[in-house]
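Visitor: Make a model of this:
(chains A and B)
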Amino acid sequence: MKKFLTTAFLFTLASFAFAQAAPAAGKSLFEGQFVAHLSLAIAAAGCGLAQGKAVVAACEGVARNPQAAGNIRTTMIIGLALIEALVIYVLVAAFAIK
Amino acid sequence: MEHHASLLAQWLTHVLGLAQHPWPGFSHGTPLSVLERYDHLLNAALAALLAMAITTLVRKNLTRIPGPLQQVFEGVVGGLKDMINDNIAHHGEKYLPFIGTMALFVFFNNLFGLLPALSPGTSNWNVTLGAALVVFGYYNFHGMKEQGFGKYWLHFAGPIWWLAPLMFPLEILGLLSRILSHSLRLFGNIAGEHVVAGIFFGLMPILLPVPMMFLGLFFGLIQTFVFTMLATIYLSGAVSHEH
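Guide: This next block holds a predicted model:
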C-alpha cells in the first residue's frame, strides 16, 4: 500500500513536471482542462482501489457460501454504484470546467 | 461544452424547415433550431413513446402460451416484483406500476445511445433530474400517506429528543441531496459512456466502437437496475412502519 502510494505520488509529480514544460503565458497551471483531467485521474484511482476491495469481499463471500450469491451480488452492485457515484461527480465537474 | 444534436434532430430540422438562431449563453452562440436545442426532450419523448408502444403491444396480445416478447416482459415484471417484495415489507406490489414505468423509461432512454441518429435522453441532466424529482415526490407522498403527515416528518428528528435540533437539518439535507446523487449518477454514467464511444467512433468508425457499445449495453442495463433499486430502497425507507 505504502509503495503504491509513493509510486502514485511520483507519477503525479512527473505529470506536473511534463505539464510545466509549456505553460501558456499569463495563465496558471491550475486552470481549465488540466485540473479537470488531473482530478478525474485521482478520483478514478481511488475508485479503482475501493471497488477492488468491494469485489474481493463479495467474491470471498460467494466462495464461502455459494447459496448467498444472489443477495451478495445485489448488495455488491448497489455498493459499487454508490462508490462509482463519487467519480461521476468529478466527471460532471470536469464536464462543467470544460 | 459543445452541443452535438442528434442526427434525427438535424434531419427533422432540415425536412421541416425550422428556423435556426443562436441561443444566448448556449453552445457559443451556434445557430440551432428548437429541436436541436431541446434534443434531449425529443429523444426522451421518443423513448417514452417506444416503451408505451411495446408494452401496449404486449398487453393487447396476451396469450396463455407466451410468445418471445411476452416471455421477456414476464421476466421483467417478475424480477421487478421480486425486487419490490424483497425490499418493501407489506403490500409492496401496489408500487409496481410506478417502479416498472421508471425502469422502462430509463432503460429505453439508455439504449438510445446505441442506435444510429439518436442520442440517449438520459445523457442530459435535465431528463435525469426530472426522473429523480418524480421519484422524490412519489416516495415522499406515499410516506406521508402511509405514516401520516406529522409522523413522517417527525421520524427525521431521530429517536433522541435532545439530538433533534442537530439531526433534523442533517436528515433534511440528506433527503434533498438524494435528488442530486440519484440524477447525477445516471446522467454521468450514460453521458460518459456516450462521449467515450463517440471518441472511439472518431478514431476509427468501423469495428473499434463495438466493444464500447457492448459496454454501453451492459452499463445501460446496470444503471437502470441501480436507478430502480435505489428508488425502491428510498420508497421502502419512506413507507415502512417501525414496529
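
Visitor: Any regions of chain B where pLDDT drops low?
Guide: B:1-3, B:27, B:242-243 (pLDDT under 70).

Visitor: Tell me which residues touch the residue most central in space within it, please.
Guide: Centrality entry for chain B: nearest residue to the mean C-alpha point is B:Val106, 3.7 Å, by C-alpha atoms, centre = their mean. B:Val106 makes contact with B:Thr122, B:Ala131, B:Leu186, B:Gln223, B:Thr224, B:Phe227, B:Thr228, according to C-beta atoms under 8 Å, 6 or more residues apart in numbering or on different chains. In this view, the C-beta of every residue, glycine as well, is placed from N, C-alpha and C.

Visitor: now, which of those residues lie within helices?
Guide: Counted as lying in helices by DSSP state H, out of those, are B:Ala131, B:Leu186, B:Gln223, B:Thr224, B:Phe227, B:Thr228.

Visitor: Quick one: those residues as TSV, columns for neighbour count and distance to B:Leu170 too.
Guide: What follows is these, written out as TSV (neighbours: other C-beta atoms under 10 Å in any protein chain shown; distance: C-beta to C-beta, whole Å):
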residue	neighbour count	distance to B:Leu170
B:Ala131	22	26
B:Leu186	29	25
B:Gln223	24	28
B:Thr224	22	31
B:Phe227	27	25
B:Thr228	22	27
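
Visitor: Contacting chain A as well, which ones from those?
Guide: Contacts with chain A within the ones in helices among the contacts of B:Val106, counted by C-beta under 8 Å from any C-beta of the partner chain: B:Gln223.

Visitor: Rebuild the ones in helices among the contacts of B:Val106 as CSV, extending it with distance to A:Val62.
Guide: Converted to CSV, the ones in helices among the contacts of B:Val106 look like this (distance: C-beta to C-beta, whole Å):
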residue, distance to A:Val62
B:Ala131, 32
B:Leu186, 27
B:Gln223, 23
B:Thr224, 23
B:Phe227, 25
B:Thr228, 23
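
Visitor: what helix or strand is the residue of chain B found nearest chain A on?
Guide: Proximity of chain B to chain A (C-beta to the nearest C-beta) peaks at B:Gly188, 3.3 Å away. Here B:Gly188, judged by DSSP states H and E, is contained in helix B:164-203.

Visitor: Pull the distance from that helix to the chain's centre.
Guide: Put simply, helix B:164-203 sits 11 Å off its chain's centre (C-alpha atoms, centre = their mean, to the nearest Å).

Visitor: Quick check: buried residues in that helix?
Guide: Of the residues in helix B:164-203, B:171, B:175, B:178, B:181-194, B:197, B:200 count as buried by neighbour count, 16 or more other C-beta atoms under 10 Å in any protein chain shown.

Visitor: list the contacts for B:Gly121?
Guide: By C-beta under 8 Å, 6+ apart, the neighbours of B:Gly121 are B:His40, B:Leu41, B:Asn43, B:Ala44, B:Leu46, B:Ala47, B:Asn109, B:Phe112, B:Val127.

Visitor: Helix, strand or coil: sort out the second one for me.
Guide: Taking DSSP: H, G, I helix; E, B strand; the rest coil as the rule, one finds B:Leu41 in the helix state.

Visitor: quick one, what contacts it?
Guide: B:Gly121, B:Asn126, B:Val127.

Visitor: which among these gets closest to A:Ser39?
Guide: The closest of these to A:Ser39 turns out to be B:Asn126 (C-beta to C-beta; 24.5 Å).

Visitor: can you tell if stretch A:59-67 touches chain B?
Guide: No - Stretch A:59-67 is not in contact with chain B by C-beta under 8 Å from any C-beta; minimum separation 15.8 Å.

Visitor: in that stretch, what counts as buried?
Guide: Counting neighbours by 16+ other C-beta under 10 Å, stretch A:59-67 gives A:Gly61, A:Val62 as buried.

Visitor: Repeat that for stretch B:154-164.
Guide: B:His155.

Visitor: and B:Leu49, how many neighbours does it have?
Guide: 11 (other C-beta atoms under 10 Å in any protein chain shown).

Visitor: Actually, B:Gln20.
Guide: Applying other C-beta under 10 Å, I find that B:Gln20 has 13 neighbouring residues.

Visitor: you'd agree it is up against B:Pro31?
Guide: Yes - applying C-beta atoms under 8 Å, one finds B:Gln20 in contact with B:Pro31, separated by 4.1 Å.

Visitor: Run through chain A and note the low-pLDDT ranges.
Guide: For chain A, the ranges with pLDDT under 70 are A:1-2, A:4-30, A:98.

Visitor: Taking it, what residue is nearest to chain B?
Guide: Counting by C-beta to the nearest C-beta, chain A gets nearest chain B through A:Ile88, at 3.3 Å.

Visitor: Share the number of residues neighbouring that residue, please.
Guide: Neighbour tally, A:Ile88, other C-beta under 10 Å: 21.

Visitor: can you pull out the helices in chain A?
Guide: A:2-19, A:33-64, A:69-97.

Visitor: need the contact list for the residue of chain B most remote from its centre.
Guide: Going by C-alpha atoms, centre = their mean, the residue of chain B most distant from its centre is B:Trp162, 39.2 Å out. Contacts for B:Trp162 were tallied using C-beta under 8 Å, 6+ apart; there are none.
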